[in-house]
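Novice: Build me a structure from this.
(one chain, ligands or ions: 1)
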Amino acid sequence: MADTHISSLEVEARAFAPPSGFSAHAATMLDVHEAARRDPLEFWAEQARRLTWEQPFVEVLDDSRPPFYRWFADGRLNASVNCVDRHASERGGRVAYYFEGEPGDREQITYRDLKERVCRLANALAGLGVAPGDRVAIYMGMVPELPVAMLACARLGAIHTVVFGGFAPESLADRIKDCGCSVLITQDEAWRAGKRIPLKQNADRALASCPGVHSSVVVRRTGADVDWVEGRDHDYAQITENASTEFAPHVVGAEDPLFILYTSGTTGRPKGIVHSTGGYLTGAAATHSWVFDLRHDDIYWCAADCGWITGHTYIVYGPLANGATSVLYEGAPNHPSPSRWWEIVERYQVSILYTAPTAIRTFMKWGDEHLAAHDLSSLRLLGTVGEAINPEAWMWYRERVGGGRCPIVDTWWQTETGSIMISPLPGLTVTKPGSAGEPLPGINAAIVDEQGEPTGQGRGGYLVLTEPWPSMMRTLWGDDERYVETYWSRFGGLYLAGDGARQDEDGHYWLLGRIDDVVNVSGHRLSTIEVESALVSHPAVAEAAGVGRADERTGQAIAAFVTLIGDADGNEGLILDLRDHVAATIGAIAKPASVVLTDDLPKTRSGKIMRRLLRDVSEERQLGDITTLANSEVVEEIAAQARQRRSAGEDEE
Ligand code: WTA
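Specialist: Just a heads-up that it's a prediction; the model follows:
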């Protein structure tokens, strides 16, 4: 696997020393590294003491039943107290979020305000019968009520599962059913690029198949007229306006789940990643302060969506646990113009910006003139996450956004790891365009071959984490077996990340992409199986394969290969229809960029579709070994069809 990636890798020779303004950070982080090496458990205990515990923990790590590790298990705490109360009482007037709505409305939310809102909603949810341990689905756009909803659940000891607002009703329903949610928090509509996304309408469709949901709470964002189910639907403003601004936090055990977040896997059903309260919050707070060198006067902006793990850890839990002041932006980067982000940076004097390579590539495409008109001199640190960043985009980010003076932290981590695992430290690391630097203090990574042996410098292999860490996932919701099978069975005792990587002569990590078939579109992981299942659910489709192929704008785009049932008419209209069908079934993000109709798909003798070959076809590479195929003649045929479609220019948006 990874070896094929490596042979195509360019050697990147550029390197940038940390700027002198970060020297205090360097000194601190050297000590932190040293402490982690000296006594890892005492080190993590010390990090956990960043938090306020109602009952301090005695045991740091319980590793008696791997891979079901438990951290700080006899300690008790509440996440919302850590994120809100302790700042509200000490410096309540400090701004937690500068909210900027897409239409241009703005709001300053202090820690005191945040606490009041969280308590009001917690009271309202309790009034609807939400109890500790219950699951609550949150399906919203990026409005302040979204972090408030997450924190209100935490205050109650309920487990939230945030479903990205771009997902279609079926995806929402699947997730609600998988973890048995009883309440849904949503909004009438969300703003996106000037358009209204009908979240309530989608939610209603989802709830039609989710009888377990007895109540929904609806935030009025656009004020649109929406259908209303009496007895089930509740207006957010109405049920919170007279609620008390106090709510006694429900103290939970450190190992009690804080949330479940679904992520697409390689096989079928999405996986409900379960995160703990104490360990997760420890990892979120510690890494947020180390990697972003957080200072009191920073204005921090993570431009992700709370529907993904990046939003959970670096918009909500990490920054709030650290008492940071953040920007929260609701909408699209090009509304009303492609300079929107840079207006925001200038307006709030943003000093730390954290975003994804796909956004950076999009801005590159839109042109430098949109940045030139704005004063970006407040920026001092830039971060990226979600996929490997191409050196060209890294350099553009550094020069055009960072004015050549800001270090870039390319942070590698996953929904499963809970917080950043591998990243440069801005004061310490010589950064190289395209490299994620080294494992953070207390994190132990390695790159191994098929046999689980270290590959040695320069050679690509499987990225594994070799020791447990506090913010690690605890299991897959309701499926311990799949948790063990997916992450721990390949190399007994080592956590398999599923990514390929290599280490250079300085020990820096270079990520090489997924080792399985997951496609990463605009930084969002999508399973090809989900796309295929969506295609196959179309009445004309017999069989389908989806693979990722490189795309300048979105990182990867989905190329679909489809065989039709006997009498279906494979015309252009059908191809459009299939693409729309996928978008409607699992969300626009999964819409295939191209669909090639073919009489057959390449298969192994045991009947498995060989996606690797389809990737080769899609990216016009020399075909690899096809001797293991049951039907090798079909590959040439597909390649010819794909070429034909490309030359006709019909496969692009
Ligand atoms: C990829 C996002 C290269 C990787 C936090 C990982 C990256 C998956 C990077 C997790 C990076 C994330 N360089 N690849 N800096 N960051 N990835 O769960 O394949 O949405 O396994 O978490 O994104 O995606 P997830």
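
Novice: from here on, contacts and neighbour counts on C-alpha atoms
Specialist: Fine.

Novice: so where is this protein shaky, pLDDT-wise?
Specialist: 1-11, 264-268, 513, 516-518, 525, 527-529, 604-608, 624-630, 648-653 (pLDDT under 70).

Novice: Pull up the residues of it that are close to the ligand.
Specialist: Residues of the chain that fall close to the ligand, judged by Cα under 6 Å from any ligand atom: 309-310, 385-388, 410-415, 436, 499, 511, 513-514, 524-525.

Novice: repeat that with 8 Å
Specialist: Contacts of the chain with the ligand, taken as Cα under 8 Å from any ligand atom, map to 263, 308-310, 384-389, 410-416, 418-420, 422-423, 434-436, 497-499, 510-514, 520, 523-525.

Novice: Show the contacting residues for residue 146.
Specialist: 138, 140, 306 (Cα atoms under 8 Å, 6 or more residues apart in numbering).

Novice: most neighbours, which of those?
Specialist: Sorting the contacts of residue 146 by how many neighbours each has (other Cα atoms under 10 Å) puts residue 140 first, at 29 neighbours.

Novice: Next, count neighbours for the nearest residue to residue 534 once chain neighbours are set aside.
Specialist: In this structure, residue 534 finds its nearest non-sequential neighbour in residue 582, 5.5 Å apart by Cα to Cα, 6 or more residues apart in numbering. By other Cα under 10 Å, 25 other residues sit near residue 582.

Novice: Just the residues contacting the helix or strand hosting residue 582, thanks.
Specialist: Element membership of residue 582 [criterion: DSSP states H and E] is helix 572-586. For helix 572-586, contacts defined as Cα under 8 Å, 6+ apart pick out 167-171, 530-531, 534-535, 538, 588-593, 595.

Novice: and with 7 Å instead?
Specialist: The contact list for helix 572-586 (Cα atoms under 7 Å, 6 or more residues apart in numbering) reads 167, 168, 170, 171, 531, 534, 535, 589, 590, 591, 592, 595.

Novice: Report the contact partners of the second one.
Specialist: When you say that, I think you mean residue 168. Residues counted as contacts of residue 168 (Cα under 7 Å, 6+ apart) are 202, 584, 585, 586, 587.

Novice: Between those residues, which sits nearest residue 26?
Specialist: Nearest to residue 26, judged by Cα to Cα, of the contacts of residue 168 is residue 587 at 43.3 Å.

Novice: contacting residues for that closest one?
Specialist: Residue 587 neighbours (Cα under 7 Å, 6+ apart): 166, 167, 168.

Novice: So it versus the ligand, what's the distance?
Specialist: Using Cα to the nearest ligand atom, to the nearest Å, residue 587 is found at 16 Å from the ligand.

Novice: do the same with residue 242
Specialist: Distance from residue 242 to the ligand, counting by Cα to the nearest ligand atom: 38 Å.

Novice: so what's that residue closest to, chain neighbours aside?
Specialist: Excluding its sequence neighbours, the residue lying closest to residue 242 (Cα to Cα, 6+ apart) is residue 120, at 8.0 Å.

Novice: re earlier: show only the entries of the contacts of helix 572-586 found in helices.
Specialist: Applying DSSP state H to the contacts of helix 572-586, the entries found in helices are 170, 171, 531, 534, 535.

Novice: tally of neighbours for the last one?
Specialist: For residue 535, the tally of surrounding residues (other Cα under 10 Å) stands at 28.

Novice: do the same with the second one
Specialist: Residue 171 is flanked by 19 other residues according to other Cα under 10 Å.

Novice: Next up, identify which helix or strand residue 126 is on.
Specialist: Residue-wise, residue 126 maps onto helix 111-127 under DSSP H and E.

Novice: For that helix, give me every contacting residue.
Specialist: 84-85, 87-88, 92-96, 148, 151-153, 155-156, 239-240, 243-247.
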